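# Only the shape, not the letters, is given here:
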């Protein structure tokens, strides 16, 4: 070992094997000893460097400040990525306090840094947020999109940080407000997925955007994280779902959606036993309005009735337009007598409406039929048929009334 007879031989051998050097400074931070690798890595003969402040051999003001702070700290440090002048080769440097100064090791990572630089160049061209972690699940590199995606924790995104530390901080700073229950279980699950290098999930983030998260294994035992913005796709899917399940004129559920909800409520009623009521509603003499004033005025009437019916029913009830001027409703957990009261309240409310149209202010009435679902049935159709029969009796009995099965 050059200029350092007290260094242990095994450490000197280790430094040479790893293409680096051992170093020692005095209490003022001046280089007092170094191994042979210093000349190649730093690009300066050891004899010319001895006695100079080691920080003077670090390239760049920001890295000089970083190294000065590390030397001033009484704790050990590691994994500082710095370049020595004049060779300008990247090293990973660490050190510890010893009697009268500091003792440390600098490992030449210039080739590794070059590969990382290539990876960073590729990552920065990706539209997705991306990050690479090593086999110990510590952050190696990431692109700017990853930093933006993790803006609340951008200050602590740095090589060497563990995935668990990053994710835990993300949770603590409110990036997962939608996650109820056991937060530790969530953290454990995500860490386990990341360690396996496998996992795909999507979530609605606090800002209202949707993101798809994917973990991939890497050949060296590390893993990569890819985060894709899928907001537009999710919005399009939501719009397609809305169009498929919503009546375009009135904005309430359509016939298809009604039967989907009905089967769900039937299964719940059969399993747990709560009462389920079915209501059908038909506007009286609606054809006269279309024939007299035109379909545009008729549409306004339908919209007004739909809005009123929606406002009168509970949030757990489902109201749908099932035909031209026909509506159907599901009233979960509603006994027959309560259903009849709700239907009559709805009837009276429709009769009291004063609907503003281009033809002036119009009024209309409705006839309603109600029925109860029987637990012995496995579909809504029998109950719906009974409600239709009750509706027919209401029409035959003079309209603007409620009949039950």
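Looks like it came in fine. Note that the coordinates shown come from a computational prediction; the quantities given were computed from them, not determined experimentally.

# okay, CA-based contacts and neighbour counts for the rest of this
Fine.

# Might you report the residue contacts of the residue most central in space within the chain?
Central residue of the chain (CA atoms, centre = their mean): residue 203, 2.6 Å from the mean position. Going by CA atoms under 8 Å, 6 or more residues apart in numbering, residue 203 touches 210-212.

# Equivalent analysis for residue 217, please.
Taking CA under 8 Å, 6+ apart, one finds 196-198, 223-224 in contact with residue 217.

# Make a PyMOL selection of the buried ones in the residues you listed.
To isolate the buried members of the contacts of residue 217 in PyMOL, using 16 or more other CA atoms under 10 Å:
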select buried, resi 197+198+223+224
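
# what about the strands in the stretch 1-150 of the chain?
20-26, 31-34, 77-83, 90-98, 101-108, 129-133, 139-142 (DSSP state E, counting those that start in this stretch).

# So for residue 282, which of those strands sits nearest?
strand 129-133 (54.1 Å; CA to CA).

# Report the strands that pair with that closest one, each with its relative direction.
Note on strand 129-133: by DSSP bridges, its sheet partners are strand 139-142 (antiparallel), strand 223-229 (antiparallel).

# among the ones you listed, which is nearest residue 336?
strand 223-229 (48.9 Å).

# Could you give the separation of the next helix or strand along the chain from that closest one from the chain centroid?
The helix or strand immediately downstream of strand 223-229 is helix 231-245, counting by DSSP states H and E. Offset of helix 231-245 from its chain centre (CA atoms, centre = their mean, to the nearest Å): 17 Å.

# So which residues of the stretch 51-200 of the chain form helices?
Ranges of helices in the stretch 51-200 of the chain, per DSSP state H, counting those that start in this stretch, are 61-72, 110-124, 144-149, 163-172, 183-196.

# circling back: out of the contacts of residue 203, which end up buried?
210-212.

# now for the strands paired with strand 129-133, which one comes closest to residue 105?
strand 139-142 (20.0 Å).

# List the buried residues in stretch 19-38.
Quick answer for stretch 19-38 (16+ other CA under 10 Å): 19-27, 29-38.

# What of stretch 331-345?
In stretch 331-345, counting by 16+ other CA under 10 Å, buried: 331-336, 339-340, 342-344.

# same thing with stretch 356-368?
Buried residues in stretch 356-368 (16+ other CA under 10 Å): 364-368.

# from those, which single one is nearest residue 173?
For the buried residues of stretch 356-368, the nearest to residue 173 is residue 368 (53.6 Å; CA to CA).

# now the strands of the stretch 1-150 of the chain in TSV, with distance to residue 307?
Formatted as TSV, the entries for the strands of the stretch 1-150 of the chain read as follows, by distance: least, CA to CA, whole Å:
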stretch	distance to residue 307
strand 20-26	76
strand 31-34	82
strand 77-83	65
strand 90-98	68
strand 101-108	72
strand 129-133	44
strand 139-142	51
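
# now those strands in TSV, with mean pLDDT and distance to residue 288?
As requested, the strands of the stretch 1-150 of the chain are exported to TSV (pLDDT from 0 to 100; distance: least, CA to CA, whole Å):
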stretch	mean pLDDT	distance to residue 288
strand 20-26	89	94
strand 31-34	92	101
strand 77-83	82	83
strand 90-98	87	86
strand 101-108	88	90
strand 129-133	87	60
strand 139-142	85	68
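
# and of the ones you listed, who's closest to residue 150?
strand 129-133 (9.2 Å).

# And the contacts of the closest one?
Against strand 129-133 from outside (CA under 8 Å, 6+ apart): 123, 139-147, 149, 163, 222-228.

# Can you check what angle separates it from helix 163-172?
On the basis of axes from the mean of the first three to the mean of the last three CA atoms, to 10 degrees, strand 129-133 is oriented at 140 degrees to helix 163-172.

# which of the buried ones among the contacts of residue 203 lies closest to residue 327?
For the buried ones among the contacts of residue 203, the nearest to residue 327 is residue 210 (35.1 Å; CA to CA).

# rewinding a little: find me the pLDDT at the residue nearest to the centre of the chain, would you?
We have a pLDDT of 83 for residue 203.

# Residue 274 now?
92.

# Could you export the contacts of residue 203 as TSV, including pLDDT?
Converted to TSV, those look like this (pLDDT from 0 to 100):
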residue	pLDDT
210	89
211	89
212	92
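
# Can you tell me which of the residues you listed comes closest to residue 274?
residue 210 (36.6 Å).

# mind checking how far that closest one is from residue 269?
35 Å (CA to CA, to the nearest Å).

# now do residue 294
On the measure of CA to CA, residue 294 and residue 269 end up 43 Å apart.

# the more surrounded of these two?
Of the pair residue 294 and residue 269, residue 269 is the one with more neighbours under other CA atoms under 10 Å, namely 19 against 13.

# Can you say which helix or strand has that one in it?
helix 255-272.

# Helix 255-272 and the helix or strand just after that helix, what's the angle between them?
Reading on from helix 255-272 to the C-terminus, the next helix or strand found by DSSP H and E is strand 276-283. Counting by the same axes, to 10 degrees, strand 276-283 lies at 160 degrees to helix 255-272.
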